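>>> Below are the sequence and a predicted model for it; my questions follow.
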Amino acid sequence: MRDRYARHMRKPRELLLVPMIDIFTVLVTFLLMTAVFSRITIVQLDLPSAADGKVTEPTFRLEVIVRKEGFELTNGSVLIAAIPQVNGEYDLKALSELALSLKREYPEADSASVLLEPDVKYDHLIQAMDAIRSTEVPATAASRETDVPRTGDSRPTRVALFAKIAVGDAP
């Protein structure tokens, strides 16, 4: 009986924290090296409000309707073009090129609407917004777009197309 009591009364052994600290140091280093730091982009959307007193109708307002079959580009109710899907994928390059040609026709226009059908993925909406917001053009074409002379620069330049984007449900 005395043995049992003596065992319980013994002083506990020291706890060595150095190996634990080493393990945590290696673990934190490993986690920092393998971490994926993603960039979050926030897009400022201009939504109309009922409090706006004066409503001015722009001469041209691009509407991109994202449907299951592809894109439809309209100016309100007038159909401009339809871009069908290619091999089951949306043709974003054609959308961007068409938006660039429309921007050349209407250089003062900077507003667009992207309208989404209910069964279309949200990612396709974001891709369509990116395609009509800006595009890359060769440096010689960019100098004509922005009236900035470029010498010796052969890299593509990003040109703004329709920067003010509103979103909504497709009709």
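Looks like it came in fine.

>>> Could you verify my assumption that R61 touches G76?
Yes: counting by Cβ atoms under 8 Å, R61 touches G76, with 6.7 Å between them. Where C-beta positions appear, they are placed from N, C-alpha and C, glycine not excepted.

>>> Looking at those two, which has the bigger crowd around it?
Counted by other Cβ atoms under 10 Å, R61 and G76 do not tie: R61 has more neighbours, with 18 against 11.

>>> How much space separates that one from I126?
20 Å (Cβ to Cβ, to the nearest Å).

>>> One more: L32?
In this structure, L32 and I126 are 29 Å apart, going by Cβ to Cβ.

>>> any weak-confidence spans in the chain?
Along the chain, the model assigns pLDDT under 70 to residues 1-12, 37-58, 140-154.

>>> Could I get the full set of helices for it?
Along the chain, counting by DSSP state H, helices occupy 2-8, 18-34, 92-105, 122-133, 139-146.

>>> what about the residue nearest the centre of the chain, distance to A35?
The C-alpha lying nearest the average C-alpha coordinate of the chain belongs to I126 (Cα atoms, centre = their mean; 5.4 Å). Noted for I126: a distance of 24 Å to A35, by Cβ to Cβ.
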